[in-house]
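*Asks:* Have a look; sequence and predicted model below, questions after that.
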Amino acid sequence: MLTQVLENINEDFPELVNDIGIFPQPSDDPSINGFTVWMPNAYLINKDSEKVETAKKWMDYFLSDKAIKLYEENSKSIGPYVIEGVELPEDSYTAVKDVVPYFESGDVAPALEFVSPIKGPNLPPQICTAVGTGQMTAEEAAEMYDDDVEKQAKQLGMEWD
């Protein structure tokens, strides 16, 4: 879940929200630890719009120091800004500050759904649940996931070796 739940925690337990930190999934080689992250929202302008110039003005405002300051006065960021030159304020959530060095060093990668059209549909509801409840081992789950992904790739008309 990373940091997306911080606003909810802050609503119910504001005195505890900064007791929560974040760390990457450990591996056998600490030099490769990092995070899988969700990509930020994108705001797009339809090139065929009759209001392209107006939309560009709005975008300029949206990314301006004034607008970012206004945002920060009314809401805390749930992740590092991915806008060049924009830094998190000092009062940012601890967990958000914890992840910043990984962004700065490039030790982050987009979640699978942002880099591949294939993501086995049974992963969250069936496979992860079965492992979490002890109904199957991680190895069995990995095999089941491989089969699931292969089926989806073939359904999408992709070659699978």
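*Replies:* Yes, it's here. Computed from a prediction, not measured in an experiment: that's the story for all the values here.
*Asks:* okay, CA-based contacts and neighbour counts for the rest of this
*Replies:* Will do.
*Asks:* Alpha carbons of the lowest-mean-pLDDT helix or strand in the chain, as CSV, please.
*Replies:* Lowest on mean pLDDT, DSSP states H and E among the helices and strands of the chain sits helix 112-115, with a mean of 86. Provided in CSV are the C-alpha atoms of helix 112-115 (Å, rounded to 0.1, in the frame of the first residue of the first chain):
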residue,chain,number,x,y,z
LEU,A,112,3.7,-4.1,-13.3
GLU,A,113,0.5,-2.7,-14.7
PHE,A,114,2.4,0.4,-16.0
VAL,A,115,5.0,-1.6,-17.9
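*Asks:* helix or strand right after it?
*Replies:* helix 129-132 (DSSP states H and E).
*Asks:* which of the residues in whichever helix or strand comes after that next one are buried?
*Replies:* Proceeding N to C from helix 129-132, the next assigned helix or strand is helix 138-155, under DSSP H and E. Buried residues in helix 138-155, defined by neighbour count with 16 or more other C-alpha atoms under 10 Å: Ala141, Met144, Tyr145, Asp148, Val149, Glu150, Lys151, Gln152, Ala153.
*Asks:* Tell me where the model's unsure across this protein.
*Replies:* Within the chain, the stretches with pLDDT under 70 are 1.
*Asks:* Point me to the residue sitting closest to the centre of this structure.
*Replies:* Taking C-alpha atoms, centre = their mean, the centroid of the chain lies closest to Trp38, which sits 1.8 Å from it.
*Asks:* Next one: Pro14 relative to Ile78, how far apart?
*Replies:* 14 Å (C-alpha to C-alpha, to the nearest Å).
*Asks:* higher neighbour count, these two?
*Replies:* Ile78 (17 against 13; other C-alpha atoms under 10 Å).
*Asks:* Report the contact partners of the more buried one.
*Replies:* Thr3, Gln4, Val5, Leu6, Glu7, Tyr93, Val96 (C-alpha atoms under 8 Å, 6 or more residues apart in numbering).
*Asks:* repeat that for 7 Å
*Replies:* Thr3, Gln4, Leu6, Val96 (C-alpha atoms under 7 Å, 6 or more residues apart in numbering).
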